[in-house]
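Undergrad: could you look at this predicted model? Sequence included:
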Amino acid sequence: MKKFFHYINNEVLLKAANLNTANISVKIIAGILISKFIAIHIGPQGMALIGNLRNFLSAIQSISISGLYNGVVKFISQVKTNADELTKTLSTVFYFGFFSSILLAFLCYYNAELINDLVFSANYNYTYVVEALSIVLPFYALNMFAFSIMNGFSKYKILLIINIISQILALLVTLLLIWQNNIDGALVAVVITPALNVLITIVGIAFRQNLMSSIRITHVSFKILNSLSPYMVMALVSAIALPIVMIIIRNYLIAEIGIKAAGYWTAMTRVSDYYLMFINSLMALYILPRFAEINSRKAFRKEVFSFYKTIMPAFAGLLIIIYFSRSLLINILFTEDFRPVEDLFGYQLLGDFIRVLSMVIAYQFLAKKMFSHFIILEVFLFVMMYFSSIYLIDIFGLKGAVMGHCLSYFMHFGIILLIFGSSLFGVLADQDMDDY
């Protein structure tokens, strides 16, 4: 326990304070202001359409960089002192990402009408938004490439500054477009604001000009690409499956109950995103690197239960406060038109609590490179989320969507406990003290 608190005090909180807290705070404030503007100027209908576009954009952006980001950061941090390996890594990632993003941009542009029907349905014609999205995709991929380089070289301070500036600029552009063009402005803002992060690219290239000169197609290494492939697959499964499932559920709500109901559910998921940002940041800073270090079941068990005993009670307290303040939160974040969202808080908050309990243990999949376990469990989660949500929506209406969310994570947590049951609750033999 002492080690846990020492690490939290000297590593996690210091890093979070210096690197993440300001960034996350700006992101949350920007999200709240944008949500309020959408609620005032567009209403629940617009919230639903914007939710679908955000989910689709999230998935398509991940595909455009082939899920390479986390793997690239890890590889660069490992080989940054080896000029030859660093050159191969950067060249491989740059050209693979560049060609995949260009190919995807063409596919999106020339299939804009089909994508429009899938994302917005044939009742709405926002083909021009999809075309705009396809144009900015390569910029997004280039931004993420520069971002991963600086992250891999631990240039956290400049990343933080650029992120904050970009978010503030994106906020101003979004509010202006919503104010001038309502739903059209909001949809355009969703797809063009990621391109405003071109500041990251410019600064990154200027900061590492010597690296850019060494990026050549002749240095592309399929061996490195093969080494990155597990990270790519894991990232793509998570980044694509969840947004697609959410689009399907939202479209089902629109078809069966109405677009306003879909807007209420989207509003609830946005509230969820706000408070999960901090807990996700804390887990990424502490749990993943710590799990990568430990090599015994005893240490693994100790870390999991230490987190449960120290962090989870505080998180539970936060969720309780949110639940009893939900009426006030709706007034702050949205408008009276969103009052039905109040009925969705209970199951959403409970599901998110179980989700965090599950995620703490699931980080072991990543830390110990249990790729197949991770992918199978993620696919199971999203399949369960789809079927349970559709089934419960048919029975309970709008509330069925958050009930499906809650049930899915209960089942997800149950399976994870079965997988790691012996490590967490079993009798530890002598070898468990040393080897995991």
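TA: Everything's here; your move.
Undergrad: got the confidence number for the closest residue to Ser35 other than its chain neighbours?
TA: Nearest residue to Ser35 in three dimensions, chain neighbours excluded: Leu333, at 5.2 Å (C-beta to C-beta, 6 or more residues apart in numbering). Placement of C-beta: from N, CA and C, glycine included. On the pLDDT scale, Leu333 is placed at 92.
Undergrad: OK, contacts around Leu333?
TA: Ile32, Ser35, Lys36, Ala39, Ala267, Arg270, Val271 (C-beta atoms under 8 Å, 6 or more residues apart in numbering).
Undergrad: what comes up buried for the particular helix or strand that has the third one in it?
TA: Counting by DSSP states H and E, the secondary-structure element that holds Lys36 is helix 21-41. By 16 or more other C-beta atoms under 10 Å, the buried positions in helix 21-41 come out as 23-24, 26-27, 30-32, 34-35, 37-39, 41.
Undergrad: helices of the stretch 51-200 of the chain, residue ranges please.
TA: 69-79, 83-110, 112-119, 127-152, 156-192, 198-207 (DSSP state H, counting those that start in this stretch).
Undergrad: so what's the gap between the third one and the chain middle?
TA: Distance, stretch centre to chain centre, for helix 112-119: 23 Å (C-alpha atoms, centre = their mean, to the nearest Å).
Undergrad: may I see the buried residues of that helix?
TA: Quick answer for helix 112-119 (16+ other C-beta under 10 Å): Ala112, Ile115, Asn116, Leu118, Val119.
Undergrad: measure how it sits relative to helix 127-152, angle-wise.
TA: Computed by axes from the mean of the first three to the mean of the last three C-alpha atoms, to 10 degrees, the angle separating helix 112-119 from helix 127-152 equals 80 degrees.
Undergrad: give me the mean pLDDT for helix 112-119.
TA: Rounded mean pLDDT across helix 112-119 is 92.
Undergrad: same question for the fifth one.
TA: Taken as a whole, helix 156-192 has an average pLDDT of 85.
Undergrad: quick one: it to chain centroid distance?
TA: On C-alpha atoms, centre = their mean, the centre of helix 156-192 falls 18 Å from that of its chain.
Undergrad: can you name every helix or strand that that helix contacts?
TA: helix 21-41, helix 44-64, helix 127-152, helix 198-207 (3 or more C-beta pairs under 8 Å, 6 or more residues apart in numbering; DSSP states H and E).
Undergrad: and Asn182, which of those helices is closest to it?
TA: Closest approach to Asn182 among these (C-beta to C-beta): helix 21-41, 5.4 Å.
Undergrad: other SSEs contacting the closest one?
TA: Checking 3+ C-beta pairs under 8 Å, 6+ apart, helix 21-41 ends up next to helix 44-64, helix 156-192, helix 259-293, helix 326-333.
Undergrad: tell me what angle that helix forms with helix 156-192.
TA: Using the same axes, to 10 degrees: helix 21-41 against helix 156-192 is 20 degrees.
Undergrad: from the middle of its chain, how far away would helix 21-41 be?
TA: Distance, centroid of helix 21-41 to centroid of chain: 16 Å (C-alpha atoms, centre = their mean).
Undergrad: ok, Ala186 to Tyr95 distance?
TA: 35 Å (C-beta to C-beta, to the nearest Å).
Undergrad: which one's more surrounded, the two?
TA: Between Ala186 and Tyr95, counted using other C-beta atoms under 10 Å, Ala186 has the larger neighbour count: 25 against 16.
Undergrad: excluding its backbone neighbours, what's nearest that one?
TA: Using C-beta to C-beta, 6+ apart, the nearest residue to Ala186 is Ile178, at 4.9 Å.
Undergrad: Phe106 contacts Glu131, correct?
TA: No. With contact defined as C-beta atoms under 8 Å, Phe106 does not count as touching Glu131 (11.3 Å).
Undergrad: who has more neighbours, these two?
TA: Between Phe106 and Glu131, counted using other C-beta under 10 Å, the more crowded position is Glu131 (18 against 12).
Undergrad: OK, contacts around the more buried one?
TA: Contacts of Glu131 (C-beta under 8 Å, 6+ apart): Cys108, Tyr109, Ala112.
Undergrad: for burial, what's the neighbour tally of the first one?
TA: In other words, Cys108. The burial count for Cys108: 21, using other C-beta under 10 Å.
Undergrad: contacting residues around it?
TA: Ile60, Ile115, Val130, Glu131, Leu133, Ser134, Leu137 are the contacts of Cys108 under C-beta under 8 Å, 6+ apart.
Undergrad: wait, which of the residues you listed is closest to Leu407?
TA: For these, the nearest to Leu407 is Ile60 (28.5 Å; C-beta to C-beta).
Undergrad: wait, isn't Ile259 in contact with Gln45?
TA: Yes. Taking contacts as C-beta under 8 Å, Ile259 lies within contact range of Gln45: 4.8 Å.
Undergrad: which of these two has more neighbours?
TA: Higher neighbour count among Ile259 and Gln45: Ile259, with 21 against 16, using other C-beta under 10 Å.
Undergrad: quick one: which of the contacts of Glu131 is nearest Leu424?
TA: Cys108 (44.3 Å).
Undergrad: so what pLDDT did that closest one get?
TA: Confidence score, pLDDT, at Cys108: 92.
Undergrad: likewise for Phe387?
TA: 96.
Undergrad: check which helix or strand covers it.
TA: Short version, using DSSP H and E: Phe387 is in helix 371-396.
Undergrad: quick check: next helix or strand after that helix?
TA: helix 399-419.
Undergrad: by contact count, what packs against whichever helix or strand comes after that next one?
TA: Toward the C-terminus, helix 399-419 is succeeded by helix 421-425 as the next helix or strand (DSSP H and E). Judged by 3+ C-beta pairs under 8 Å, 6+ apart, helix 421-425 is in contact with helix 297-324.
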